[in-house]
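# Sharing a model prediction with you, sequence too.
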Amino acid sequence: MIEFRNITLKVHRQTLLESVSLQIADGDKVVIRGASGCGKSSLLKSAIGAIPLGQGSIRIHSLELSPATVAEIRARIAFIGQEPTLGADQVRDALLLPFNFKAHRGNQPPEKEIIETLGRLHLSTDILDKPSKRISGGEKQRIAIARALLLGKTVFLADEVTSALDPESKAAVMEELFRPGITLLSVSHDPDWIAACNRIIAIENRQLEETSK
Ligand SMILES: Nc1ncnc2c1ncn2[C@@H]1O[C@H](COP(=O)(O)OP(=O)(O)OP(=O)(O)O)[C@@H](O)[C@H]1O
């Protein structure tokens, strides 16, 4: 479960959210809507400790976000931002990067599983040999999703991950992220994505307003 408890978010002295709470159950598919600049991306970023809270607390599976827990929380969550940084020069190295870390060492997936995961996301295996900086924003996001799936992550924070995609790639991404076992907190303007979510929450006047479907 992801829980935002009475949080206030301020960015450069601008208050984006004021004393708001939100509980997301395991398996929920939540989309955040609202005008440009209202704080949708900032809300997602706050859950990985990228924006400090003015007030309140955030818990991911009962673990409260704090300087002491932020690394563990980031290890549990897949954050797919609008322009993910892949962290290595070659796509293959980027995809396998976490498997060099102590927590995942020895768990590197076999080539077959890597290829199969890329295929499910509508990515060809050729991409593995490309420089990370030569792939598109939409491809970077799908590599970041593939990496999270290979790590077995089940909590996804996804910021506009289909806006740059063709219909087939979009359907492929949605098929992966809307599985029952995935908990999804997302930002999207895409009607298909919004329709697939079970909860729609708008940011209005610094508050969260849940609209019934
Ligand atoms: N790094 C930053 N420096 C200065 N201001 C920022 C920064 N990041 C966000 N902001 C400000 O915070 C506000 C909220 O930004 P945020 O990206 O969360 O909005 P959003 O609702 O996701 O917008 P959009 O729909 O346009 O992506 C904006 O007014 C923006 O100007």
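Here it is on my side, so go on.
# Have a look at this protein and report its longest helix.
helix 137-150 (DSSP state H).
# In that helix, which residues are buried?
138-150 (16 or more other C-beta atoms under 10 Å). Any C-beta I mention is one placed from the backbone N, CA and C, and that applies to glycine too.
# Just the C-alphas of that helix, formatted as PDB.
Provided in PDB are the C-alpha atoms of helix 137-150 (Å, rounded to 0.1, in the frame of the first residue of the first chain):
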ATOM      1  CA  GLY A 137      12.300   9.300 -24.800                       C
ATOM      2  CA  GLY A 138       9.500   6.600 -25.300                       C
ATOM      3  CA  GLU A 139      12.200   3.900 -25.700                       C
ATOM      4  CA  LYS A 140      14.000   5.100 -22.600                       C
ATOM      5  CA  GLN A 141      10.800   4.800 -20.600                       C
ATOM      6  CA  ARG A 142      10.200   1.300 -21.900                       C
ATOM      7  CA  ILE A 143      13.700   0.200 -21.100                       C
ATOM      8  CA  ALA A 144      13.200   1.600 -17.600                       C
ATOM      9  CA  ILE A 145       9.900  -0.400 -17.400                       C
ATOM     10  CA  ALA A 146      11.600  -3.500 -18.700                       C
ATOM     11  CA  ARG A 147      14.400  -3.100 -16.000                       C
ATOM     12  CA  ALA A 148      11.800  -2.800 -13.300                       C
ATOM     13  CA  LEU A 149       9.900  -5.800 -14.500                       C
ATOM     14  CA  LEU A 150      13.100  -7.900 -14.700                       C
END
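# Could you check the pLDDT of residue 86?
We have a pLDDT of 89 for residue 86.
# Same check on residue 203?
In this prediction, residue 203 has a pLDDT value of 97.
# pretty sure residue 57 contacts residue 5?
Yes. If you go by C-beta atoms under 8 Å, residue 57 and residue 5 touch, sitting 4.9 Å apart.
# Strands of this structure, residue ranges please.
Under the criterion DSSP state E, the chain carries strands at the ranges 2-11, 14-24, 29-33, 53-60, 63-64, 77-80, 155-159, 183-187, 199-204, 207-211.
# Those: which one's closest to the ligand?
strand 2-11 (4.1 Å; C-beta to the nearest ligand atom).
# Any buried residues in the closest one, and which?
Neighbour counts over strand 2-11 (16+ other C-beta under 10 Å) mark 2, 3, 4, 5, 7, 9, 10, 11 as buried.
# just checking: which of these also lie near the ligand?
For the ligand, the contacts drawn from the buried residues of strand 2-11 by C-beta under 6 Å from any ligand atom are residue 11.
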